[in-house]
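A.B. asks: Here is a sequence with its predicted model. Questions after.
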Amino acid sequence: MGAVTNITPVVSKIYCFSSQTTLMVRRRPQIVNGGGLVVMNSNQKVVFSVDGCGILGVKGELILRDGDGAPVLFIRKKGGVVQALSAHNRWNSYLMDYERPSKLVFSLREPKSRLLTKSAIKISIDAKENGKDGNFEVKGSFSERACTIMDRRGNVVAQVGLKETMANKDFYHVVVQPGYDQAFVIGVIAILDNIHGESTRC
């Protein structure tokens, strides 16, 4: 028997696989069908999709769906006076239960100021934490398709990159390491896409 891979579910263990997985992400044209993202596996099968403002009609809200189109995560940019005064934007991601948001599963903190942009984006999966340190962080440049999601121990969770033969940033790959939650990874990618004003944003 082979070694058992440690499973790190955030959304669900059903999205955690024992082998490294390469997912291909394609941005949908906003003009044609409202934008968003389509995520395929190595067999060209759609495993996730992301609806953004062009489809939902609301800024700062995203829905991650599985390959069958069922909603998995509802993602919302937090608003309000306290958030307006904060140095960071906060994104909360909720499990979808009977088509409605339910349990908070992770929060992402994005620096507002350009002076803070060198700070890593922090992600917390513990609702009791204030997210200052976070359980995960994003390093590198998403806009250049060269960034890494890491856990707090410094282990690589997933890497975003472009294939050497392709210079088109509308089509890129995400390599998810064994045992990590692919739905969580794509949820983070969806937020990064919106932060950088790409396909999920109006």
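C.D. replies: Thanks, I have it.
A.B. asks: Quick check: next helix or strand after the helix or strand of the chain with the lowest mean pLDDT?
C.D. replies: Lowest on mean pLDDT, DSSP states H and E among the helices and strands of the chain sits helix 81-85, with a mean of 52. The C-terminal neighbour of helix 81-85 among helices and strands, as given by DSSP states H and E, is strand 88-97.
A.B. asks: Check which residues of the top strand by length along the chain are buried.
C.D. replies: The longest strand of the chain (DSSP state E) is strand 100-111. Along strand 100-111, these residues count as buried under the neighbour rule (16 or more other CB atoms under 10 Å): Pro101, Val105, Phe106, Ser107, Leu108, Arg109, Glu110, Pro111. (Glycine included, C-beta is placed from N, CA and C.)
A.B. asks: Would you pull up how far whatever helix or strand comes next after it lies from the middle of the chain?
C.D. replies: Per DSSP H and E, the first helix or strand lying C-terminal to strand 100-111 is strand 121-124. Between the centre of strand 121-124 and the centre of its host chain there is 11 Å, according to CA atoms, centre = their mean, to the nearest Å.
A.B. asks: how about strand 121-124 as CSV, C-alpha atoms only?
C.D. replies: C-alpha atoms of strand 121-124 as CSV (Å, rounded to 0.1, in the frame of the first residue of the first chain):
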residue,chain,number,x,y,z
ILE,A,121,-2.9,38.2,0.6
LYS,A,122,-4.0,36.3,3.7
ILE,A,123,-6.7,33.6,3.9
SER,A,124,-8.4,32.4,7.1
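A.B. asks: elements contacting it?
C.D. replies: Using 3 or more CB pairs under 8 Å, 6 or more residues apart in numbering; DSSP states H and E, the elements in contact with strand 121-124 are strand 100-111, strand 136-141.
A.B. asks: so Glu99 sits right up against Gly69, yeah?
C.D. replies: No - using CB atoms under 8 Å, Glu99 is not in contact with Gly69, being 11.8 Å away.
A.B. asks: What strand or helix carries the residue positioned nearest the centre of the chain?
C.D. replies: Residue closest to the average C-alpha location in the chain (CA atoms, centre = their mean): Val188, at 1.7 Å. Secondary structure from DSSP H and E places Val188 in helix 182-195.
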